[in-house]
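Peer 1: Sharing a sequence plus its predicted fold:
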Amino acid sequence: MGRGRQKAKATKQARDMKYFSPATDYTALQRELTGPGERASKRSTDPMEPVEPDYSAYEDKYADLDDDEDDGGSRRTG
């Protein structure tokens, strides 16, 4: 017997939530998104590029392997 009253209450709450539109403070939202004061205006708009690791220490170690691949020798592919 109590199910009808419970369902009606749930329906009313859902309808209230669906059509509820609170007043939005857009200036507070802008402050929150931009961050504190001067620091926000000095930020770079360019995305940060990933830092490429320095592989120069391995250049001499693997230099002779590159020469073997260039001669088109006995290695078959496919």
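Peer 2: Good, I have the coordinates.
Peer 1: When you work out contacts or count neighbours from here on, use the C-alpha atoms and nothing else.
Peer 2: Fine.
Peer 1: Give the burial count for Thr34, as a bare number.
Peer 2: By other Cα atoms under 10 Å, 13 other residues sit near Thr34.
Peer 1: Show me the helices in the chain, by range?
Peer 2: With DSSP state H, the ranges of helices along the chain come out as 3-19, 26-34, 37-41, 59-70.
Peer 1: Can I get these in a markdown table including distance to Pro47 and mean pLDDT?
Peer 2: Output for those, formatted as a markdown table (distance: least, Cα to Cα, whole Å; pLDDT from 0 to 100):
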| stretch | distance to Pro47 | mean pLDDT |
| --- | --- | --- |
| helix 3-19 | 38 | 92 |
| helix 26-34 | 16 | 90 |
| helix 37-41 | 15 | 54 |
| helix 59-70 | 30 | 68 |
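Peer 1: Now do Gly35 against Leu29, distance only.
Peer 2: Distance, Gly35 to Leu29, using Cα to Cα, to the nearest Å: 10 Å.
Peer 1: on that earlier part again, in TSV: the helices of the chain, plus distance to Val51.
Peer 2: Below are the helices of the chain laid out as TSV (distance: least, Cα to Cα, whole Å):
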stretch	distance to Val51
helix 3-19	47
helix 26-34	26
helix 37-41	24
helix 59-70	19
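Peer 1: among those helices, which is nearest Glu52?
Peer 2: Among these, the nearest to Glu52 by Cα to Cα is helix 59-70 (15.0 Å).
Peer 1: Endpoint to endpoint, stretch 11-25 covers what distance?
Peer 2: The first-to-last residue distance of stretch 11-25 comes to 29 Å (Cα to Cα).
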